[in-house]
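Q: Please work out how this folds:
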Amino acid sequence: MNIEVKELIDKAKLVNDHKAMMSALTNLGLLIERHTQDRYADDSYHILFGNDDLFNLKLTNEDTNSIVHFLFYHIINIKIHPITVAWCLGKCYNYDIYDGIKRLLKLYSYDDDICEQLLFSLNALYDPRETFEDIAKILEEPIKSIPLPKTNEVLRENFEILNYDED
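A: Predicted structure coming up:
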């Protein structure tokens, strides 16, 4: 694994330094996005990363796989900044993480903000028409029993799922 990637993963585990953790997670997401979209020529990443080491870093598929596995580990076990981790997962274009995101929706079905971001990520990665039934089954009960207005709005707008609040 690349040393810069390892250092970012180590920083993303710093449970006593939320600022460093958030920065590391964001950079991991940007690295994935840049790699999966082959945007290495895009100079805007220099500004986003804020340093030459990350800007000059080119991930391998092995590095990217390690980051994706770490992100799932982080959101399930560390559970600090889960919205940011869900955002990072939405950068995993060309990675088949659908089942993992479905499991995360089940795990976080009680949290409107996390569900909303997971749905945004799912929408970025997959065709909503193909995921309609799975998502409806996972979120039908939580939406009926817990107020999830943001999640409900995303479902209506992007997934064309019924507004369960109006039943």
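Q: Check which element follows the least confident helix or strand in the chain by mean pLDDT along the chain.
A: Lowest on mean pLDDT, DSSP states H and E among the helices and strands of the chain sits helix 128-145, with a mean of 76. The helix or strand immediately downstream of helix 128-145 is helix 149-154, counting by DSSP states H and E.
Q: Mind giving me the packing neighbours of that following helix?
A: Helix 149-154 is packed against helix 112-125, helix 128-145, with contacts defined by 3 or more C-beta pairs under 8 Å, 6 or more residues apart in numbering; DSSP states H and E. Any C-beta I mention is one placed from the backbone N, CA and C, and that applies to glycine too.
Q: What's the separation between A24 and E140?
A: Distance of A24 to E140, computed by C-beta to C-beta, to the nearest Å: 36 Å.
Q: Same question for I146.
A: Taken as C-beta to C-beta, the span from I146 to E140 is 12 Å.
Q: neighbours of I3, just the number please.
A: Counted with other C-beta atoms under 10 Å, the neighbours of I3 add up to 9.
Q: In contact with it, which residues?
A: Not one residue lies near I3 by C-beta atoms under 8 Å, 6 or more residues apart in numbering.
Q: Next: V154.
A: Contacts here follow C-beta under 8 Å, 6+ apart; on that basis V154 touches E116, L119, F120, N123.
Q: Recalculate using a threshold of 6 Å.
A: Contact analysis of V154 by C-beta atoms under 6 Å, 6 or more residues apart in numbering lists E116, L119.
Q: sec struct for Y95, please.
A: coil (DSSP: H, G, I helix; E, B strand; the rest coil).
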